[in-house]
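Chemist: just the structure for this:
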Amino acid sequence: LSPMEREIIVTDLTRFQTGGKVCTAGIDRKTGECIRPMPYLTDQKCREVNLLPGAILSGEFTKLPSERPHVEDYRYSSLKYRGPASSAEFLEVLQKSTLPSVSEGFEIQLENRQKHIPPDHPVQRSIITIAVSPGAVEVVPGYKEGTIKLSFRDGAGQRFQFLSITDLGFYEHAIGGVKVLL
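Modeler: Below you'll find the predicted structure:
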């Protein structure tokens, strides 16, 4: 496939425990498609441009062959930071990509408290956005020191418990860190 000029609004920054890499995902401003730029950005590069959710990135994106579970992977070139989206633009992209439940997002009926998708299930997406009521969310300490876990009830009423929090901003905010990025 040939590369295509695109602009995405970053929705997710996922921290890795080692390696100095950050997984980024964003929504194409024109098509609404979720894109995961590959290779991973470095935490140093993210710090240099103060990359946060809501940032606009542009570049040439080429779809990579799907490798489960990440079907949103695109190789990028000429990636440029264009600055932050307005709060209205960021909210709009999140609302347009929001799905009502985890099961609907992954197109599989999950059991209550199920935290995995079976390896033989064909996935159409590996990254979803759902809206949950603030009262349906609980952040609790993890088993290992310095870790936290997330429990929530989605729009279909399904309960998900003790999920790892890897979102960079959410993690920093939840542990009370001063910095939101790296």
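
Chemist: tell me who's in contact with V140.
Modeler: By Cβ atoms under 8 Å, 6 or more residues apart in numbering, the contact set of V140 is 148-149, 151, 162. For every residue, glycine as well, the C-beta is placed using N, CA and C.

Chemist: list the buried ones in stretch 50-64?
Modeler: With burial defined by 16 or more other Cβ atoms under 10 Å, the residues of stretch 50-64 counted as buried are 51, 53-59, 61, 63.

Chemist: need those in a markdown table with secondary structure, distance to S103 and pLDDT, can you?
Modeler: Formatted as a markdown table, the buried residues of stretch 50-64 follow (DSSP: H, G, I helix; E, B strand; the rest coil; distance: Cβ to Cβ, whole Å; pLDDT from 0 to 100):
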| residue | secondary structure | distance to S103 | pLDDT |
| --- | --- | --- | --- |
| L51 | coil | 31 | 87 |
| P53 | coil | 25 | 91 |
| G54 | coil | 28 | 93 |
| A55 | strand | 30 | 94 |
| I56 | strand | 31 | 96 |
| L57 | strand | 30 | 95 |
| S58 | strand | 34 | 95 |
| G59 | strand | 33 | 94 |
| F61 | strand | 29 | 95 |
| K63 | strand | 26 | 92 |
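
Chemist: out of those, who's nearest K21?
Modeler: When the buried residues of stretch 50-64 are ranked by distance to K21 (Cβ to Cβ), L51 comes first, at 12.8 Å.

Chemist: quick one: stretch 47-63 to chain centroid distance?
Modeler: Relative to its parent chain, stretch 47-63 has a centroid offset of 13 Å by Cα atoms, centre = their mean, to the nearest Å.

Chemist: which residues of this protein fall in strands?
Modeler: Assigned by DSSP state E, the chain shows strands spanning 4-15, 21-28, 34-38, 41-42, 55-63, 73-84, 98-99, 129-130, 137-141, 148-153, 159-164.

Chemist: which stretch among those comes nearest H116?
Modeler: Comparing those by Cβ to Cβ, strand 159-164 comes nearest, at 10.8 Å.

Chemist: now do the buried residues in the closest one.
Modeler: F160.

Chemist: from here on, count from 686
Modeler: New numbering, starting at 686: the last item is strand 844-849.

Chemist: helices and strands around it, which ones?
Modeler: For strand 844-849, the packing partners by 3 or more Cβ pairs under 8 Å, 6 or more residues apart in numbering; DSSP states H and E come out as strand 833-838.

Chemist: show me what counts as buried in the strand it packs on.
Modeler: Buried residues in strand 833-838 (16+ other Cβ under 10 Å): 835, 837-838.

Chemist: now swap in stretch 699-709 and tell me
Modeler: Those would be 699-700, 706-709, for stretch 699-709 by 16+ other Cβ under 10 Å.
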